[in-house]
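K.L.:
here you go, sequence then predicted model.
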Amino acid sequence: MKKMIPLLACVLLSLNAHAESFPDISLNDLKADIAAKKVTILDVNGPASYAHGHIPGAIDYTAHTADLAKVLPADKNALIVAYCANPHCGAYARAAEAAAKLGYTNVQHFKPGIQGWVSAGEPTDK
């Protein structure tokens, strides 16, 4: 058990450090980027949640894991925003990491997730 504690601490630290590598985008900034058509949004909540409601214009990441490069912009400096359910959800990192591995340099995280979007009174697409 004593050997497991340092290992667990390292794992938690590495997850925390990696999650911080994708800066958060605010609700107002995301709305402005959507209005200006300057963002590609990746919803990581899965097909049932996506069908129930997602941020307008968002792409269902789970439906495009194999062909993500085809649905992302050609410009590797384009803004890519990933989100999941709420501020406590870390699933967004799968999409953020996938975009970063494809060479995208401006990948951000909408931390409030779909729950925060809806709580703010923002519309969803179905």
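P.N.:
Arrived safely, thanks for sending.
K.L.:
got a list of contacts for stretch 27-34?
P.N.:
When contacts are defined by CB atoms under 8 Å, 6 or more residues apart in numbering, stretch 27-34 is touched by residues 25, 39, 41, 55-57, 79, 81, 110, 112, 116-117, 120, 122. (C-beta placed from N, C-alpha, C; glycine too.)
K.L.:
now do stretch 62-77
P.N.:
40, 44, 46-47, 50, 59, 61, 78, 80, 95, 98-99, 102-106.
K.L.:
follow-up on the earlier one: which members of the contacts of stretch 27-34 are positioned in strands?
P.N.:
Those of the contacts of stretch 27-34 mapping onto strands are 39, 41, 79, 81, per DSSP state E.
K.L.:
could you list which of the contacts of stretch 62-77 belong to helices?
P.N.:
Secondary structure from DSSP state H places 47, 50, 95, 98-99 of the contacts of stretch 62-77 in helices.
K.L.:
residues contacting the residue nearest the centre of the chain?
P.N.:
The residue lying closest to the centre of the chain (CA atoms, centre = their mean) is Ala82, at 1.6 Å. Contacts for Ala82 (CB under 8 Å, 6+ apart) come out as 22, 41-42, 44, 61, 92-93, 95-96, 99, 107-110.
K.L.:
so where is this protein shaky, pLDDT-wise?
P.N.:
1-20 (pLDDT under 70).
K.L.:
repeat that for 50
P.N.:
1, 4-20 (pLDDT under 50).
K.L.:
give me the buried positions along stretch 30-37.
P.N.:
30-31, 33-34 (16 or more other CB atoms under 10 Å).
K.L.:
which two among the residues you listed are spaced furthest apart?
P.N.:
The two members of the buried residues of stretch 30-37 with the most space between them (CB to CB) are Lys31 and Asp33, at 7.4 Å.
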